[in-house]
Every structure is written in structure tokens, then in C-alpha cells.
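>>> Provided below are the primary sequence and the corresponding predicted coordinates.
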Amino acid sequence: MRVTFTVNGRRQEADDVWEGESLLYVLRERMGLPGSKNACEQGECGSCTVRLDGVPVCSCLVAAGQVEGREVVTVEGLAGDNGELSTVQQAFVDAGAVQCGFCTPGLLVAADELLERCPQPSDADIREALSGNLCRCTGYEKILDAVRLAAARTEQAV
Amino acid sequence: MAGTRITRTPTSLTQGSGGATRGGVGESTPRPDGVLKVTGEFAYSSDLWHEDMLWGYTLRSTVAHARIRSIDTSQALATSGVHAVLTYDDLPTEVTHYGLEIRDTPVLAHGKVRHHGEPVALVAADHPETARRAAAKIVVDYEELPVITDEASATAPGAPLVHEDRDDHHSGHVPHPNIVHRQPIVRGDAAAAAARADVVVRGSYVFGMQDQAFLGPESGLAVPAEDGGVDLYVATQWLHSDLRQIAPVLGLPESKVRMTLSGVGGAFGGREDLSMQIHGCLLALRTGKPVKIVYNRFESFFGHVHRHPAKLWYEHGATRDGRLTHVRCRIVLDGGAYASSSPAVVGNAASLSVGPYAVDDVDIEALALYTNNPPCGAMRGFGAVQACFAYEAQMDKVAAELGMDPVEFRRLNAMEQGTVMPTGQVVDSPAPVAELLRRVKAMPMPPERQWETTEGADVRALPGGLSNTTHGEGVVRGVGYAVGIKNVGFSEGFDDYSTARVRLEVVGGEPVATVHTAMAEVGQGGVTVHAQIVRSELGVTQVTIQPADTQVGSAGSTSASRQTYMTGGAVKNTCEAVREKVLEIGRRRFGAYHPAWATAELLLEDGKVVTDGGEALAGIAEVLGDEAVDLELEFRHRPTQAFDLRTGQGNGHVQYSFAAHRAVVEVDTELGLVKVVELACAQDVGKALNPLSVAGQIQGGTTQGLGVAVMEEIVVDPVTAKVRNPSFTDYLIPTILDTPTIPVDVLELADANAPYGLRGVGEAPTLSSTPAVLAAIRAATGLELNRTPVRPEHLTGTD
Ligand code: FES
Ligand code: FES
């Protein structure tokens, strides 16, 4: 089948998509957007998190056909058009929240959505919002630091 | 291959430090790969892509122990889109087995399967789903055999042998062919010392099978080359060790197997053994097409070795005034079906079994079994973790028996510089065990009843969290302490070395350094540290880190906390030699103009040659002109010795590292739910080359120890030896909600033998966090709790 949808603001088409293919597979293997990661492909780790019409979802659990005509934002869509990192991306780099980095794209998409919805989150808010994203390397402390830093920088900028 | 294209390959990492040579050793500089990782551009091994590539898939055994009567691949081969189906009979040469130390692992099962999930056949197809479906059509006729699952079944009279005709170098020394390796350590006279003890405390402990659970799945891309060789892009911990195992099985010289590291999504020991490497190459060479293999999570649980589960028996004695008299212990590690690194794990477990305490009289035995359980090998903490869990529980028990404070009791017996280890080795660098305990105890305590708010209870802060299972009734708090000792680097006489190539040249008027090593960056931050070392040693701002590959000498493994020491040391040494060359050129060109060239101590700083008095003599760019300095050197740590096979004596280790933890937990005693409130750590790192990364490593290691304390375990059915929970649904690792704040106090007591005085960091925090959490849960509940992980049924008595 053919699937047509918007990815990071651009219209995209994928042909010969097998009905069982996930959105994650289509993004990674057909559209050349491997930023969303494939750590479990069973909805348990959050590495594949993208926003579907604004809502964070595990793209490994979304059938490609379900996104027909809809809008998807992946980690590749977070930076500005000029390649400038978004506040939350920069904060992850600065706070040391990236080690192997495999969890990072999913965490960034989830954190980006949190900060949009709740610009000054409490620690409990951050933990709740990121509880679907596993990270095996960092112990999460630096990830918390990064989200706090992004929130502080956003507040300063306002 | 001519005309082909790999769209995504590993890239060099270039990082300038902006202006003066900031970003040197000791500073918290950002990772050179950080921006690529946050934008999604960093190419992990599962991201590689080739325009006409096929997908590989592995068919795995559904039973733990069986004779293979037949394998019928005809249906699979007939499936449209399938390009190849391979079994043992298709292997290209007589070398059909591989292994890290003992070549006992078949590339594909041969006549027999020895564990659940063992690779039996391979498929290459044009779509991953086609490959998977074709594999499902392969018919394997198994004749099931009795399974060996523990020490009793392994050594019972007439027990079947897991490996019928062993002839490895350990087989002559072991008491039974189902024992991979055994290491006793006898020092002093434990029996006589026991007679002097006022109290004697015994305990039996069980440590569950932990999984590395790195997030990036085993994956890679094998591309057949025109010369009959193969290019392999893969995530691994040690390229050259892989190469040494891969080439003979492919029937190729090592020069025809070119390996390049692609992005690694964590490792923790789980990538020391091969996974898809040979399989990918075999399929690529057979089909003549690039083949990509990416394990799914289910397969990943079968595709790598796990942490050895262990049964431990300990006896400690002490005098009334709190001095340890002796330690006796027996540690039985389950190595599973293949040896992997079990012999070295045995050596570690034995030699570190007493912990960071001074005890003259010991009687120790550690061994690893061959069973039909999943193979076990390297994982962060490598044999020291299991021992630490048990000896720390024992230390609490002895202290309780003596009526002493458990921290005070540990400090009384803490080893220090000059202490003699059970192996007879003198600890000749700082060993601040008592100080780490003091520090971790002195850290401020988290407030009591943090979950209490003016409106009642914030359930998010309580055990059970948003499940809303308690509002504080039945919740009790406990505090526990633990400390551990881990060796750094490869031990027991292993020729451990690393190689670094450093090039310094002028590009666009600026001096630029390029570092080329085969070090696997698995997330630990080695690439960051290399750039820092180069800036400090060569005074340049622009540093490029080339992708790691086998075109440069071996860097050894990214394990045993050794890479900052070893490849960092190699980069440092090579930089020093490069610096000498630069100064030589400078003296040749400019020596006549200033006497300081001949008389002063010269350094490279901020792009210039300067005297130790701070006078600038010339720019590095001027000195070099269009000459480039390019050197490749090896670096070794001081030699170690094998442990004596009967007494365990020998200077077996290079360096030790130490960490202490304090855990604060709250337990809902009604439902048996645990909330870890805080897990504080104090660790000596010798010298923090990058304080931010050091803290991150300590917090990550601490969290893995927390995981094994309260949730992580691969459950193997004791009757069938089948794995019950190979998924992230059923094998739980800590989420951000399970992980407390982890305050870290870093001590820097230099080790005079190590580069910059540093001490390996990554593993020590994995040791003591588990026993600290267990001690805290025991303190909260008064229960004995002698196994990991602690589950609700153990806390509620409903087991
Ligand atoms: S890959 Fe989708 S949740 Fe893990
Ligand atoms: S940084 Fe490796 S999984 Fe999070």
C-alpha cells in the first residue's frame, strides 16, 4: 500500500508498504529518518517516541497505515531550520544527559512535549512524563538536570 | 564494491574548544558526539543502510538441551524473497567454533543444542519480515536430553557432560568436566583463626541472573568486498578480539575482514562476546550482497551472555572488639552452556571475595559450572558484584551479632594502602575505604516522610506511586550501607595493551590533531576524554576523533574500567612523543634564535611552544609548517601474574577501585512494595578527567545495582532450563520513577602508577549499590532477605 503523511513539516510518500509495517520501520528504513530508535519494538522503552498530531506515541506500536494524512514529528524535527539545536536538545548536551544516546531521541521528543504543555514542571511532573522512556546508562539524574535546565532557560528567555 | 554506497556510515567527530585550549583534562567538557546524538544524526549499528541490502535473521533453539536429528530448510528456501538459508553444514571451513578464551561455541548448532535460544540456522531475505517468516518454516527435529541446571545436577554421579570431549587448558585442573574453572585461595590458617573468634556468622546467598539490557540492539552490516573479503560495521566492545574470532571461521585472513565500529547503544559487558558478527558475514559472503542484521528485544535476550547467577556461602568470624578473624567462602557461579569469560569471572570472584577488608586468614573457593542454562559472561562488575552482595550482608550480620554500628565495624576492618590481599598482593596505592564510608555517612539525609503534604499524601512519592496503593499507613523507612572493591584492567598475567595513533598538522593555518584508535566508544565517554587529553598535552583546540576500526592496532576491550586508563594512557603517551617531535623540529628551525629552545623546559600551550616560565617561543603552526607529525604507539600497564592454581597467590591485579553507598528506602510492608528514596555514593576516582562524565558513570552504575536489588532477573525455568521473560515487559529495568536522586561525592586520591593518577570508574558503583539497598530493606523490615532481586512475596512472607 501507499502511505502519505507529513513528517517534520514535509509531505512524504511511502510505496509498497506491507500492512504489518510499523510507523517506526517506515520512518527508519523507508524515509531515511533513523533518529527514532528501535530498542524493543514492543512499546516498552520509549526510544521510538514521536509525536503524532502532537501526541507522543511509541512509533513501534503504530501501524504505518494509521498515519495516513496525519502529522508526525520526530527527533529530526526538533532543531531549527538553520540546524540550531532546540533548548531541550542543547540542555541534554550541556547537562551530560547523553551517554550512549540510544534513549536520547525518545526522551527529547517526550521532554519537548512536556515543556510545551507545562513550561515549568516540578520534578514529579518530569518523572511522570518521562516514565515511559528507559535509559540504561545515565541513572536519569542528568536527564532530570537537563529538563530542569531547559525549563530554566525557557523561563529566562521569556 | 564498486558503485555501491553505504548511505549511513560512522563519521569522524570533530570538536573545537572555542578560543584558548579549554576543554582539557579535569574539565567537564561536552561530548564530541553529543550534538549528533541529540539531533538523531549519529549512526548506530542498527541505523546502517545499503542500497541493495538483505536482512538476516537467526533461527534459535526452542529447547535447552537436545540432539538435532535433522534440519529441513527446503520450505524456507522456497519462500519468495529468500536469498539464502544456512546451517552448520554450510560453514566454509573446518573452524566452526569460536570463543573468547575457550573455543567451545558453535557458530551454528552442531549435532546438539546446549541452551534455549542457541542459533541453529540463518536466513537472508529482502525484507525482515520475510526472513522471519521463512525461518519459521525451517523444521528442526529435536530429541530432547536431560538438562543440567545447577551444581547438584552437574556433578551428580553419571551426570551427562555439557561438553563431552573437553580439552581446553582448564580441563586438566577442574574436579569435574562440568566445571569450567575453579580457583581456591588459601592464606594463613582459617581454622586456627576461627578458634580465636568470639562470634562466628554464617550465611547462604543467591544472586539472580542479571541482563545488561543495553538499549541499542545487537546489529550490524556486513558488506562483501571484491577481494573476497568482507567489511563489517558493527557495535562491539573490542574490534580486534572480534576479528581474531571471526576471520578463522570465515576461512579468511584477518586482513580481509575489515571491521569498523558503528554507533554503540550501551554495552556493559554484553558485547564482549560475538552476536551477529559471523552470521552477518556468512550471509553476505554467501549471497554476495550486503546483509544487515538487527536483533529484536526478544532475540537480544538470547543473543548475548548475562551476568552469572551465583550461590554463595560465607563464614565470618570476629573478636568481641570488632576485628575480623577469618573468612571462609564458597562461590558457585552458573556459567551456562558455553565458557565465554567464565574463567576470568571465577578469578575475580575468588580474589575479591573478602571485599575491601584486611583479613589474614582465609579459605576461599570459587568455581563456574557448565550447565544448560543461558551462557553467562561479562557484565559490569565482573564477578566482584556477586561477592559484594554476600560479604556486605555478612558484615551487617557480624556487626549486629557484636552489637556494633555496621559502618563503624566496617571502618575498623577497612583495608588501606599497604594491606595484603588474600592473594598476597600488597595494595600499593590509596585505598580510602574508611574515608569513603565516613563521607557517605556524613552526607545529609533526605527528609523523613517526604510524601506528606498539607493536603495529605503525595502518592507519587510513596511505594507503589500512582498505583495509589498506600497513603503512608504501613510504610517504614530503613537505611543501609555498603562498600566494595573492584579490580581495574585485565588481570592474571594477561598481556593488556592499547594502541593510539596521533597526527598533528597544520590545516588552514591552525594546528589540528587527529586521534585514531580502535577503542569502542559504547557511551562511556572515551572520545570526550581523548580530545581532552590531546588538548592538554598538545595545546591545540581542534581535535578530530577518527572512527574506530581495525586499520590501527588493538585498543583492548571497553570493559574492566580500563579504557580511560589504557587507551587514555596510550593517547597521552603518543601525544608526549608527538610533542617531543614538534620540539625537535622547533629546535632545528628556530633554535638559533632563542637560547630557551636548548635550555628551558618546553610545553605546548594555546597553540604555541612556551617555556615553563610562560614565555612564548613560536606558534605550533609556524614550527610545523607543512610537516606533519604522525605516530602510533602501544601502551601497557604494569605486568600482572596468574593466580597459583592451588593457593590463589599472585600479584594478579593492576589497580583497585572503591565505592561506598548509602541507601534510604521506604517499604510498604502490607504489599511488599519498595521505594528507594535516595542512593548516595562516595567513590575515589584517583583523578576525574571529566567530572560531569564521572558523575554520570557513577549514577548509571548505581542504578544498575538498584535494578538487581529490587527488580531485575532473567528467570530460567528450573525444570526445562527455558528463559521465561525475554522481553522488556517481563524483564524490568529501573525507570525514572524507580530511580531516586543519586548524590555523588567524588574523592581524588592519585594512583602514582596510573596516567594522571586516575582510577577506573565505571564498575565500582555497580557493586555496593545492591547490598546497600538490601541492607536498607532489611533495616526497614527486620527480614533476613538473602537473595536478589527482592520481590514483594519475599517481603510479605507469601513466597
Ligand atoms: S522501540 Fe518502541 S517502545 Fe521500545
Ligand atoms: S544514554 Fe544509553 S540508554 Fe540512555
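Here it is on my side, so go on. Ligands and ions are numbered 1, 2, ... in the order given.
>>> residue ranges for the strands of chain A, please.
Applying DSSP state E to chain A gives strands spanning A:3-7, A:10-14, A:49-52, A:55-58, A:71-73.
>>> brain fart, the stretch 601-750 of chain B
B:602-605, B:608-611, B:616-619, B:629-636, B:655-668, B:673-684, B:744-747 (DSSP state E, counting those that start in this stretch).
>>> strand partners of the fifth one, parallel vs antiparallel please.
In other words, strand B:655-668. Using DSSP bridges, the neighbouring strands of strand B:655-668 in the sheet come out as strand B:475-488 (antiparallel), strand B:673-684 (antiparallel).
>>> Surely B:Thr640 is in contact with B:Gln655?
No - the criterion here is CB atoms under 8 Å, and B:Thr640 misses it with B:Gln655 at 10.0 Å. Where you see a C-beta, it was placed from the backbone N, CA and C, and this is true even at glycine.
>>> Tell me which of those two has more neighbours.
Neighbours per residue, other CB atoms under 10 Å in any protein chain shown: of B:Thr640 and B:Gln655, the larger number sits with B:Gln655, 24 against 21.
>>> Not counting its neighbours along the chain, what's nearest that one?
B:Val488 (4.2 Å; CB to CB, 6 or more residues apart in numbering or on different chains).
>>> Starting from B:Asn348, give me the distance back to that neighbour.
Using CB to CB, to the nearest Å, we find B:Val488 at a distance of 11 Å from B:Asn348.
>>> From B:His308, how far off is B:Phe382?
According to CB to CB, B:Phe382 and B:His308 sit 9 Å apart.
>>> Then B:Asn725?
As judged by CB to CB, B:Asn725 and B:His308 stand 18 Å apart.
>>> try B:His97
In this structure, B:His97 and B:His308 are 21 Å apart, going by CB to CB.
>>> neighbour count winner among those two?
For B:His97 and B:His308, the more surrounded residue by other CB under 10 Å is B:His308, and the numbers stand at 32 against 16.
>>> Which strands or helices does the longest helix along chain A pack on?
Taking residue count as the measure and DSSP state H as the definition, the longest helix of chain A comes out as helix A:141-157. With contacts defined as 3 or more CB pairs under 8 Å, 6 or more residues apart in numbering or on different chains; DSSP states H and E, helix A:141-157 has these neighbours: helix A:87-95, helix A:104-117, helix A:123-129, helix B:691-710.
>>> Backbone dihedrals for the residue in chain B positioned nearest to ligand 2, please?
Taking CB to the nearest ligand atom as the measure, chain B has B:Leu215 as its residue closest to ligand 2, at 4.2 Å. For B:Leu215, the backbone dihedrals (degrees, to the nearest 10) come out as phi -80, psi -40.
>>> Spit out the contact partners of it.
Counting by CB atoms under 8 Å, 6 or more residues apart in numbering or on different chains, B:Leu215 touches A:37, A:39, A:45, A:47, A:100, A:102-103, A:134-136, B:265-266.
>>> Which pLDDT value does the model give it?
At B:Leu215, the model reports a pLDDT of 98.
>>> same question, B:Gly18
Turning to B:Gly18, the model gives it a pLDDT of 57.
>>> which SS state does the residue of the stretch 351-500 of chain B at minimum distance from chain A fall under?
Nearest to chain A, among the residues of the stretch 351-500 of chain B, is B:Arg460, at 5.0 Å (CB to the nearest CB). Put simply, B:Arg460 is helix when judged by DSSP: H, G, I helix; E, B strand; the rest coil.
>>> Could you pull up the residues touching the closest residue in space to it that isn't next to it in sequence?
Taking CB to CB, 6+ apart, and ignoring the residues beside it in sequence, B:Arg460 has A:Ala124 as its nearest neighbour in space, at 5.0 Å. Contacts for A:Ala124 (CB under 8 Å, 6+ apart) come out as B:458, B:460-461.
>>> Top of those residues by number of neighbours, please.
Each of those was scored by neighbour count (other CB under 10 Å); the top score is that of B:Ala461, with 19 neighbours.
>>> any idea how far B:Ser559 is from that one?
B:Ala461 sits 37 Å away from B:Ser559, going by CB to CB.
>>> which residues touch the nearest residue to B:Gln425 once chain neighbours are set aside?
Counting by CB to CB, 6+ apart, the nearest residue to B:Gln425 once its immediate chain neighbours are dropped is B:Asn651, at 4.6 Å. Applying CB under 8 Å, 6+ apart, we find B:Asn651 in contact with B:423-425, B:640-641.
>>> and residue 85, how many neighbours?
With no chain named, the answer covers chain A. 18.
>>> please go with chain B instead
Residues near B:Val85, counting by other CB under 10 Å, number 27.
>>> same deal with the one 4 residues further on?
A total of 9 residues lie near B:Asp89 under the criterion other CB under 10 Å.
>>> Checking it next. Helix, strand or coil?
In three-state terms, and counting by three-state DSSP, B:Asp89 is helix.
>>> again with B:Pro160
Of the three states, B:Pro160 takes coil under three-state DSSP.
>>> Let's see the pLDDT reported for it.
Looking at B:Pro160, its pLDDT reads 95.
>>> That one against B:Leu145, yeah?
Yes - at 6.7 Å, B:Pro160 counts as touching B:Leu145 under the criterion of CB under 8 Å.
>>> ok, the nearest residue to A:Thr87 once chain neighbours are set aside - contacts?
Leaving out its chain neighbours, the residue that sits closest to A:Thr87 by CB to CB, 6+ apart is A:Ala150, at 4.9 Å. The neighbours of A:Ala150, taking CB under 8 Å, 6+ apart as the test, are A:87-88, A:90-91, A:111, A:115.
>>> again, only this time at 10 Å
A:86-92, A:94-95, A:97, A:108, A:111-112, A:114-115, A:119, A:121 (CB atoms under 10 Å, 6 or more residues apart in numbering or on different chains).
>>> contacting residues for the residue in chain B that ligand 1 sits nearest to?
Of the residues in chain B, the one nearest ligand 1 is B:Phe728, at a distance of 7.1 Å by CB to the nearest ligand atom. Under the criterion of CB under 10 Å, 6+ apart, the contact partners of B:Phe728 comprise A:39-45, A:134, B:213, B:215, B:297-298, B:300-301.
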